[in-house]
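Undergrad: Provided below are the primary sequence and the corresponding predicted coordinates.
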Amino acid sequence: MSKKAKVLVVDDDPLNRLVLEKTLCEEHDVFLAKSAEEALAFVRTTQFDLILLDIVMPVMNGFELIVKLKENPITQAIPVIFISANQEHADESKGLELGAMDYITKPFSASIVRVRVRNQLLIKQKNDLLEMLASIDGLTEIPNRRYLDENLSREWRRSKRGGSVLSVLLMDIDYFKRYNDTYGHRAGDECLKKVAQSLLAQCKRGSDFIARYGGEEFAAILPDVSKEEAIAFANKLRSAVNKLNIEHKTSLNAQCITISIGVATMEDGRSTSEHSLLEEADLGLYEAKEAGRNRVVAH
Ligand SMILES: Nc1nc2c(ncn2[C@@H]2O[C@H](COP(=O)(O)OP(=O)(O)OP(=O)(O)O)[C@@H](O)[C@H]2O)c(=O)[nH]1
């Protein structure tokens, strides 16, 4: 059975909160906030699938709250439905212009609220699925370059802010053109899938992130991992690929598929940009290739 959606009801009127909870609690997990401030505290700790939002509330009203929600990358994708006693068209169009998905007027019919909430949750489910598909590489089924770029940008900003360490790896299969030429493009695809899955299997920490960077290149983002730890992890990845023992009889450095890895680490928030971190890892990768392949070079 699929898990219940989390719906946050934000309304200063206790009776409205109670009625909405009763209306929705059979189908969804319902959370109640009695003010916009309480809602903001809630969304910091819980990932909601939908917010039902009153407009007229003391201190911060519903319009002000939706602006804050849409400004924050963490909350901007949560669909909002206004539920308000304001029946003016101007309020409804303002609510929709500010990013709400729907506008329900009070007094409301419980069955209409239920259907409109269900509709928005279905749209969100489909959007989440599309977002996920757009982030996964079709061949290897691991995150793609787009997902990597987003994640690196986020982790780089986090490290810069907190002064924490961040390591990046760039990996490339050795003599892969020769592999394709020898065994065919289809076998090349199978090889890429096996390598990708073996790299992924080495990621034991939730924060480790592996992606297909493009072609026969892969990348890893390792938050809070020092240079020494990143080198050790890179060697673990290299050894995992060696152990796959995929025959490569035309390779010039081994009898089987191997990878070369470049490592770069940002310590004390010193790197100028996330791109410079990738460039340093790329330099390490280049040197690993030059030095004979099937090795790790840190920059
Ligand atoms: N089968 C297959 N091959 C790919 C894919 N993407 C890139 N390639 C191939 O990967 C090969 C990469 O070759 P090069 O960049 O010359 O490098 P290399 O042969 O691995 O040599 P070194 O990196 O110097 O060890 C090219 O022949 C690409 O066609 C893919 O999705 N599937």
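TA: Structure received.

Undergrad: let me see the contact set for the closest residue to the ligand within the chain.
TA: The ligand sits closest to residue 188 of the chain, with a gap of 2.5 Å, by CB to the nearest ligand atom. (Each C-beta comes from the backbone N, C-alpha and C, glycine too.) Counting by CB atoms under 8 Å, 6 or more residues apart in numbering, residue 188 touches 176, 179, 180.

Undergrad: quick check: next helix or strand after the helix or strand of the chain with the lowest mean pLDDT?
TA: Ranking every helix and strand in the chain by mean pLDDT, DSSP states H and E puts helix 145-162 at the bottom, with a mean of 90. Downstream of helix 145-162, the first helix or strand assigned by DSSP states H and E is strand 166-173.

Undergrad: show me what that next one is packed against.
TA: helix 145-162, helix 185-201, strand 217-223, helix 227-244, strand 259-266, helix 274-290 (3 or more CB pairs under 8 Å, 6 or more residues apart in numbering; DSSP states H and E).

Undergrad: could you pull up the mean pLDDT of that strand?
TA: Here strand 166-173 scores 97 as its mean pLDDT.

Undergrad: for the chain, give me the ranges with low pLDDT.
TA: 1-2, 269, 271 (pLDDT under 70).

Undergrad: mind doing that once more with 50?
TA: In the predicted model of the chain, residues 1 satisfy pLDDT under 50.

Undergrad: so which bits of it are right by the ligand?
TA: 139, 172-178, 180, 185, 188-189, 192, 215-216, 289, 293 (CB under 6 Å from any ligand atom).

Undergrad: now with 8 Å?
TA: 139, 172-181, 185-189, 191-192, 214-216, 260, 289, 293 (CB under 8 Å from any ligand atom).

Undergrad: coming back round to it: in the least confident helix or strand of the chain, which residues are buried?
TA: Neighbour-count burial for helix 145-162 flags 147, 148, 149, 151, 152, 155, 156, 159, 160 (criterion: 16 or more other CB atoms under 10 Å).

Undergrad: looking at this structure, which helix is longest?
TA: Counting residues, the longest helix found in the chain (DSSP state H) is helix 110-133.

Undergrad: show me what it is in contact with.
TA: Residues contacting helix 110-133 (CB under 8 Å, 6+ apart): 5, 7, 19-20, 23-24, 27-28, 49-50, 52, 77, 79, 81, 83, 101-102, 104.

Undergrad: in helices, which of these fall?
TA: Going by DSSP H, the helices hold 19, 20, 23, 24 from these.

Undergrad: pull the most distant pair out of these.
TA: 19 and 24 (9.8 Å; CB to CB).

Undergrad: what segments of the stretch 1-150 of the chain are strands?
TA: 6-10, 29-33, 50-53, 80-84, 102-105 (DSSP state E, counting those that start in this stretch).

Undergrad: dump the ones in helices among the contacts of helix 110-133 into CSV; add distance to residue 205 and neighbour count as well.
TA: Below are the ones in helices among the contacts of helix 110-133 laid out as CSV (distance: CB to CB, whole Å; neighbours: other CB atoms under 10 Å):
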residue, distance to residue 205, neighbour count
19, 45, 18
20, 40, 24
23, 42, 21
24, 37, 21
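
Undergrad: hmm, back to that, so which of the helices and strands packed on strand 166-173 comes closest to residue 209?
TA: Here strand 217-223 is closest among the helices and strands packed on strand 166-173 (CB to CB), at 4.3 Å.

Undergrad: which neighbouring elements make contact with that closest one?
TA: Using 3+ CB pairs under 8 Å, 6+ apart: strand 217-223 touches helix 145-162, strand 166-173, helix 185-201, strand 209-214, helix 227-244.
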